[in-house]
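J.: take this sequence and fold it.
(one chain, ligands or ions: 1)
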Amino acid sequence: MLTTNPFDDDKLREECGIFGVSGASGAAALTALGLHALQHRGQEAAGITSFDGTLFHTHRAMGHVAGNFDRDDVIRGLPGEVACGHVRYSTTGETALRNVQPLYADLSTGGFAIAHNGNISNAMKLRRELVRRGSIFQSTSDTETIIHLVATSNYRTLLDRFIDALKQVEGAYSLIVMTPEGMIACRDPLGIRPLVMGRLDGAVIFASETVALDVCGATFERAVEPGELVIVQGTEIRSIHPFQAVDARPCIFEWVYFSRPDSIAGDQSVYSVRKEIGAQLALEAPVDADLVIPVPDSGVPAAIGYAQASGIPFELGIIRSHYVGRTFIQPGDKVRHLGVKLKHNANRALIRGKKVVLIDDSIVRGTTSLKIVQMMREAGAAEVHMRIASPPTRHSCFYGVDTPERAKLLAAKLDLGGMTDFIHADSLSFVSIEGLYKALNAARGDKPSYCDACFTGDYPTTLTDHDESSTVDQFAMLAERVA
Ligand code: SF4
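T.: Okay, here's the model as predicted:
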């Protein structure tokens with residue numbers, strides 16, 4: 001697994017980013033640009049499928065978008081005015097090229113390519129039944145379940161088959177589908193994972209985040225609504241809502257960490273929300289200190305908010321080098337620990353003798369927090385206080401986010417005192433769940449308007465596979481069998 005930032009090793013990791021364009025010449029090149037802007041959502045593999053009016057073309061590769069899709073020969077091999085793409089970090093389905101999306105199949109209705117952000121929480125159950133009925137799976141990805149449900153549906157048209165398939169799946173899905181008739185983009189009825197829509201000179205563009213529209217020079221039009229299917233033919237769109245309406249529950253962690261700060265999510269600037277979370281944190285957990293220091297890079301907006309609300313100066317107490325190769329941070333590699341110091345260094349002259357407040361967005365296992373606190377102490381800090389811009393992460397995510405098993409989550413194992421001791425901080429505080437909602441101009445109440453299950457355990461869907469046994473274990477067994 002490649003990470004661009006060793007301080008990100010101890011984060012929940014968004015599984016995927018998706019991008020699609022219809023009605024633009026050079027659709028694949030635009031898709032490569034869009035995927036580049038979404039690279040933070042998945043760094044393990046990337047793929048693009050294009051349609052030239054007759055044939056589908058696909059290129060999928062392990063690794064980053066740059067290096068795979070910035071080559072003329074690759075883009076020339078993906079002709080057409082319609083394309084979709086995917087960046088991936090896997091949680092279900094092992095790391096193998098056959099699991100890299102977009103997935104493609106020739107159905108009785110014609111070619112069918114699909115890019116998925118999310119996780120289908122009853123995929124194993126559906127898969128068992130499909131296999132029993134004769135389906136032959138080519139991958140271990142939960143996304144392939146949708147293809148087989150479409151293929152075996154009794155409905156006649158592709159659209160009806162697709163809706164029929166979606167009505168059988170539970171969990172989180174933002175999807176971009178390409179068929180010879182056009183493109184379909186949709187979000188699950190709860191809108192757990194994001195998807196937005198834009199225009200570029202008439203062409204229709206879909207992306208996980210608005211930053212991908214910005215990078216292409218497209219205009220942000222609106223979010224695809226929870227439960228909405230947007231059907232595109234050329235540059236014409238129509239919208240349907242085939243599911244029973246339910247109250248939306250978008251993933252609150254998009255504003256905490258996943259989305260880029262320059263994205264707009266749910267009509268709110270992600271950067272501004274993060275600053276507001278920092279301000280809430282300053283109100284809820286004040287501390288007598290000399291400096292507010294962000295853990296780079298994701299802690300920066302909340303640290304600015306904390307500093308502005310508390311009046312304590314914001315300073316860059318940890319300096320990040322942008323010139324360290326990724327080869328230093330391979331998992332299991334001894335140099336990984338060395339890599340942390342190569343990439344991040346304490347600003348000693350600033351820190352020596354000072355009481356510092358470190359601001360980070362979240363604590364997962366706590367291993368990185370421990371290293372950062374140690375780094376501050378070695379640099380001569382008089383006191384090190386840690387403030388976290390999200391509530392304690394106590395539960396696993398089953399909606400397309402890589403989470404360690406619950407037993408490895410620091411907040412699931414230890415109370416606040418235990419966590420403070422574990423990271424060797426002088427004090428530790430988390431923003432409250434109410435404070436987090438307040439930063440989003442919302443109140444949690446009895447009917448929360450976001451999914452916040454990793455903090456509260458209040459999952460907005462049934463978790464069929466997980467309830468039966470561990471999804472991850474089932475897919476691991478499956479992977480072993482097909483390897
Ligand atoms: S459990 Fe919900 S809030 Fe937490 S990461 Fe998953 S989708 Fe987001």
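
J.: pLDDT value on G47, please?
T.: pLDDT, G47: 97.

J.: what residues are up against it?
T.: Applying Cβ atoms under 8 Å, 6 or more residues apart in numbering to G47 gives the contacts T58, H59, R60, A61, G85, H86, R88, V100, Q101, P102, A115. All C-beta atoms are positioned from the backbone trio N, CA, C, and that covers glycine.

J.: element containing the residue lying closest to it once chain neighbours are set aside?
T.: Leaving aside its sequence neighbours, G47 sits nearest to R60 (Cβ to Cβ, 6 or more residues apart in numbering; 3.5 Å). Per DSSP states H and E: R60 is located in strand 56-62.

J.: does L229 touch I184 like I think?
T.: Yes - counting by Cβ atoms under 8 Å, L229 does reach I184; the two are 5.8 Å apart.

J.: give me the common contacts of these two.
T.: By Cβ under 8 Å, 6+ apart, the residues touching both L229 and I184 are L159, F162.

J.: returning to what we had before: top of the contacts of G47 by number of neighbours, please.
T.: Within the contacts of G47, most neighbours by other Cβ atoms under 10 Å means G85, with 36 neighbours.

J.: moving C-terminal from the strand holding R60, which element do we reach first?
T.: Heading C-terminal from strand 56-62 (DSSP H and E), you reach helix 72-76.

J.: what angle separates the helix or strand that that following helix is followed by from strand 56-62?
T.: Next in sequence after helix 72-76, counting helices and strands by DSSP H and E, comes strand 82-88. Per axes from the mean of the first three to the mean of the last three Cα atoms, to 10 degrees, the angle that strand 82-88 makes with strand 56-62 is 20 degrees.

J.: gap between the next helix or strand after strand 82-88 and the chain center?
T.: Next in sequence after strand 82-88, counting helices and strands by DSSP H and E, comes strand 103-107. Mean C-alpha position of strand 103-107 versus that of the full chain (Cα atoms, centre = their mean, to the nearest Å) differs by 25 Å.

J.: again, but for stretch 312-323
T.: Computed by Cα atoms, centre = their mean, the chain-centroid distance of stretch 312-323 equals 25 Å.

J.: kindly report the same for stretch 289-300.
T.: 23 Å.

J.: in that stretch, which residues are buried?
T.: When burial is assessed from 16 or more other Cβ atoms under 10 Å, stretch 289-300 yields the following buried residues: A289, D290, L291, V292, I293, P294, V295, P296, S298, G299, V300.

J.: also stretch 221-233?
T.: Across stretch 221-233, burial judged by 16+ other Cβ under 10 Å covers A223, V224, E225, P226, G227, E228, L229, V230, I231, V232.

J.: average model confidence for that stretch?
T.: Mean predicted confidence for stretch 221-233 is 98.

J.: and that stretch, C-alpha only, in CSV?
T.: Presented in CSV, the C-alpha positions along stretch 221-233 are these (Å, rounded to 0.1, in the frame of the first residue of the first chain):
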residue,chain,number,x,y,z
GLU,A,221,-24.2,22.2,-11.0
ARG,A,222,-25.5,20.2,-8.0
ALA,A,223,-25.1,17.1,-6.0
VAL,A,224,-26.7,13.9,-7.3
GLU,A,225,-29.5,13.5,-4.8
PRO,A,226,-29.7,10.5,-2.5
GLY,A,227,-31.8,7.8,-4.3
GLU,A,228,-31.6,9.7,-7.6
LEU,A,229,-30.6,8.1,-11.0
VAL,A,230,-29.4,10.7,-13.5
ILE,A,231,-29.6,9.2,-17.0
VAL,A,232,-27.4,10.8,-19.7
GLN,A,233,-27.6,10.4,-23.4
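
J.: thanks a lot, see you next time.
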